[in-house]
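Engineer: Predicted model and sequence below, questions to follow.
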Amino acid sequence: MTVTGQVSRARIAEIAAREEEAYRRRTPRSAELFARARQALPLGVASSFQAYDPYPLFMTDARGSRITDADGNEYIDFDMAFGVLAAGHSHPVLAEALQHRVANGTCYTFPVEDGVALAEEIKARFGADLVRFSNSGTEATMDAIRVARGYTGREKVIKMEGGYHGHHDDVLVSIQPPREAMGPLEQPATVPASAGIPRSRIAETVIAPYNEPEVLSAILDAHAGEIAAIILEPVQFNIGVVPPVEGYLERVRSLATEHGAVLIFDEVKTGVVLAWGGAYEHYGVQPDLFCLAKSIGGGIPIGAFGGRREVMAAIETLEGTPAYRADAAGAGVSRTTIPGGATRVAHLGTFNGNPLSMTAGLVTLTRILTRDAYPRLHAMAERLTAGLQRVLDEHGLPGYAINVGPKGCVMFTPQRVTNYRDFIGLDSELWGASFFYLANRGILLPPGPDDQWTLSVQHTDADVDRYVSTFSEFAAELSA
Ligand SMILES: Cc1ncc(COP(=O)(O)O)c(C=O)c1O
């Protein structure tokens, strides 16, 4: 029998099969809805991330830290909508404000004061000069990349292997590439994560390994004068939880400056969650542009990006940008060679800055995720991580518990993961057994080993302790 740490493969498979069977017994209504959904929606879901085997839970209600499925089973929600809900479900303050908003018009396509106030709040938190709104994280990273390209007059973008920045073509590459396709660490291949992405788009995306500053430096040298932007999550949150190694973000910052590339922090998951001022405050490294979404809306769709005036002002005019100056020097991209002779970067969207999202964002940031919310969030997260680690140690399970601020997970691998190539070694079978075991006992985690728990201001120590005690029962059964 193969043994992983103290656990046999046969025991993991036995528990996984038993728990999946129990999941099916507890959730017949979800199974029924899924069968119906398969007739109307590819994979039976609205976003492919929502699909998992044997079928996803269909949900009906959520409040605070609790969510209820279509069979009436209640869960303590540690998924929190892939990390959207640092404010918790339907926070009463937000619910009340939105009732008023819904009764007074939700879309004007004229600006509203709440949008100005929200931009001011984001500026203050992220040390930014200018901010624009969109409707999702995907739009935010897409728009930020376009601004960086317009500003620099360059076309190539560096993205980290294993990073996820939404579903537009430029960045839907090398998300979780198969080992045989990923190429050498020094020069990772650009591997499309979807069919339907033109080769010509992929040609502009260069891949670098996360947490490897010297490799990044060599890649920048190899593409001297060509890189418009380096985009990365300050903490890689789409391969579990992978924090930056000491000095990494600082080095990336200085390399970007040295090479005239716009540094974009994708703070869709980290922003207003890790700290009041996101990863920028947590790590003290300032990008040129940052992207936000998820938590800033308290559960209402929203996106935003912002940063330095000089770069963001490309939305007003290219005059004064490196792209424009290159024209005067008679070299490189010029104003006249910019397609259509464009004089600025377009940033558009019917729903951008709509009153519903703006009110949601403003109330969430100024009345719920206020500065005083963070110490308690951090303390709860430390308590959870310490509890989970204690269980892993007691039972000799192959894995470690980790968090950065109120986001964390159990990484089911004994080695510390520093980038995607280490993450591939994760024990997904063990993860699967734990997911169903916990779900069947009212502890809901994100349905994938690449995601992590998120705590909200509406979680309690009792919620956290219940997760730990249930995980402890799982560990005891595994090692029995
Ligand atoms: C880091 C990061 N960036 C961008 C996105 C895309 O955001 P959205 O799903 O709102 O388009 C995600 C979504 O999970 C994300 O985790």
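Structural biologist: Here it is on my side, so go on. Please read all numbers here as calculations on a predicted model, not as lab measurements.
Engineer: mind showing which ranges of this structure have poor pLDDT?
Structural biologist: 1-6, 326-340 (pLDDT under 70).
Engineer: Show me what from it comes close to the ligand.
Structural biologist: Within the chain, the positions near the ligand by Cβ under 6 Å from any ligand atom are 82, 136-138, 141, 164-166, 233, 238, 266, 268-269, 293. (Glycine included, C-beta is placed from N, CA and C.)
Engineer: doesn't residue 263 make contact with residue 250?
Structural biologist: No. Shown here, residue 250 and residue 263 do not form a contact pair, counting by Cβ atoms under 8 Å, at 11.2 Å.
Engineer: Those two - which one has more neighbours?
Structural biologist: Per other Cβ atoms under 10 Å, whichever of residue 250 and residue 263 has more neighbours is residue 263, with 27 against 14.
Engineer: Closest residue of the stretch 351-480 of the chain to the ligand?
Structural biologist: Nearest residue of the stretch 351-480 of the chain to the ligand, counting by Cβ to the nearest ligand atom: residue 451, 8.5 Å away.
Engineer: what's that residue in contact with, if anything?
Structural biologist: 79, 82, 83, 237, 238, 240, 409, 445 (Cβ atoms under 8 Å, 6 or more residues apart in numbering).
Engineer: One more: residue 251?
Structural biologist: Neighbours of residue 251 in contact, by Cβ under 8 Å, 6+ apart: 213, 216.
Engineer: swap in residue 471?
Structural biologist: By Cβ under 8 Å, 6+ apart, residue 471 lies in contact with 387, 388, 391, 410, 434, 438, 443.
Engineer: what's around the residue lying closest to residue 236 once chain neighbours are set aside, how many residues?
Structural biologist: Counting by Cβ to Cβ, 6 or more residues apart in numbering, residue 242 is the residue found nearest to residue 236 once chain neighbours are left out, at 4.0 Å. Residues lying near residue 242 (other Cβ under 10 Å) number 26.
Engineer: Show me where the stretch 201-350 of the chain has its strands.
Structural biologist: Along the stretch 201-350 of the chain, counting by DSSP state E, counting those that start in this stretch, strands occupy 205-208, 227-232, 262-266, 289-292, 303-307.
Engineer: Going by distance to residue 344, which of the contacts of residue 471 wins?
Structural biologist: Using Cβ to Cβ, residue 410 comes nearest to residue 344 of the contacts of residue 471, at 47.3 Å.
Engineer: Run through who's touching the helix or strand encompassing the closest one.
Structural biologist: Assigned by DSSP states H and E, residue 410 belongs to strand 407-411. Identification of contacts with strand 407-411 by Cβ under 8 Å, 6+ apart yields 83, 235, 237, 240-241, 269, 273-274, 381, 384-385, 388, 392, 399-403, 417, 426, 431, 434, 451-455, 471.
Engineer: pretty sure residue 461 is touching residue 384, no?
Structural biologist: No. Applying Cβ under 8 Å as the test, residue 461 and residue 384 come out as separate, 9.2 Å apart.
Engineer: quick one: which of these two has more around it?
Structural biologist: Set side by side, residue 461 and residue 384 show more neighbours around residue 384, with 25 against 12, by other Cβ under 10 Å.
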